[in-house]
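Q: based on what follows, work out the 3D shape:
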Amino acid sequence: MASIRYTLTKFLFKSLVRPMMKKAASDPEKFLKEQYKAQQKKKLPLSDLHKKYEFDEKTAGGIPYYAVHSRHKKSGGAGAQKKLVLYFFGGGFVMSGDAGDFDFAQDMADQTGADVWIVWYKLFPKTTGKELIESIIGVYKEALGAYEAKDIAFFGLSSGGSLCLDICTYITEQKLGLPLPGKLIPFSATIQMPPTTVQLDNMKRIAKKDAMFTAEYVEAAAKMMSLCGALGFLGNSVAYSWKGFPRIAAFYGTDEIYYAELEALKKKCKEDGVSLEIHIGEGMMHTWAAAPWLPEAEKTRKIIYSYIKEN
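A: This is a model prediction of the structure:
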């Protein structure tokens, strides 16, 4: 049974977030313009964040990333493996991260001992799909200079979860000659954009329970990406080869519309020989683990952190 906190949170999201997403679905071009204006005004309160979290401000190829470190004493001897998580925030490629991402990243670092880099990648509509992906590739190259590829994990929420797969697809398809990370942890990720007819029908069914999105929003999101000249890789990695991909631990809630793409994920991994670990949140909404006040989030985070710590 869902906790009281979860029930109240879901009600709040249905009241505040879902209307905004319905509005975006009704006029995607207007939504893009509004988000662009919001991006211009939004500024991270870095001085305040430094008071709460342990991180360094860095850049790679002109792209900011925030290197979050554990607040606990280092464990292990001098030869202990140092792990890194590249953290990709969500927001449909048009909305940036916020203080909540720093909170999640700090908890991740504290609980695993790994460094966590929050990658402040470029966003639509002021960028192209190619520039968005390459903004992340630049940070990944920086990471490879300090960590072994096998000790790096990609973690992402929503569209950030899609990026875990999209970046690997881009590296492979473009023959960049970069080693892939050791682990992928996509959470509530879209892997097929636009969705198939069957997926869309399932999304319409699930949408009755979804606290944030409608099936029409997914169609509008595909249109927004098209308007911005998005690459075929973005949100649509399933259309390309996943052969050679690292282990994947995927998370979906049964009450989110992207749950409709789980079967495609399972099929793709089986076809391309990718090791897949699936975690289903029964009755859970989109990216529920991002809400630290939820008992359900605490339980799910333990699973994520255990996976990060595995060799």
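Q: hey, let's count contacts and neighbours off CA atoms from now on
A: Noted.
Q: helix/strand/coil for the residue lying closest to residue 183 once chain neighbours are set aside?
A: Spatial nearest neighbour of residue 183, excluding adjacent residues (Cα to Cα, 6 or more residues apart in numbering): residue 153 at 4.6 Å. The three-state label given to residue 153 by DSSP: H, G, I helix; E, B strand; the rest coil is strand.
Q: OK, contacts around residue 153?
A: Applying Cα atoms under 8 Å, 6 or more residues apart in numbering, we find residue 153 in contact with 83-86, 181-185, 308.
Q: now, those residues that are in helices?
A: Using DSSP state H, residue 308 are the members of the contacts of residue 153 that sit in helices.
Q: closest one of the contacts of residue 153 to residue 72?
A: Nearest to residue 72, judged by Cα to Cα, of these is residue 83 at 14.9 Å.
Q: in the sheet, who's paired with the spatially closest residue to residue 55 that is not a sequence neighbour?
A: Taking Cα to Cα, 6+ apart, and ignoring the residues beside it in sequence, residue 55 has residue 68 as its nearest neighbour in space, at 4.1 Å. On the basis of DSSP bridges, residue 68 takes part in beta bridges with residue 55, residue 116.
Q: residue 68 contacts residue 113, doesn't it?
A: No - in this structure, residue 68 is not within contact of residue 113 by Cα atoms under 8 Å, at 10.5 Å.
Q: quick one: which of those two has more around it?
A: With neighbours defined as other Cα atoms under 10 Å, residue 68 and residue 113 compare such that residue 68 has more, 26 against 23.
Q: now do the contacts for the more buried one.
A: 53-56, 102, 105-106, 109, 115-118.
Q: most surrounded residue in these?
A: Result: residue 116 is most packed of the contacts of residue 68 (other Cα under 10 Å), 31 neighbours.
Q: just checking, residue 190 touches residue 156?
A: No - under the contact definition of Cα under 8 Å, residue 190 does not touch residue 156, with a separation of 11.1 Å.
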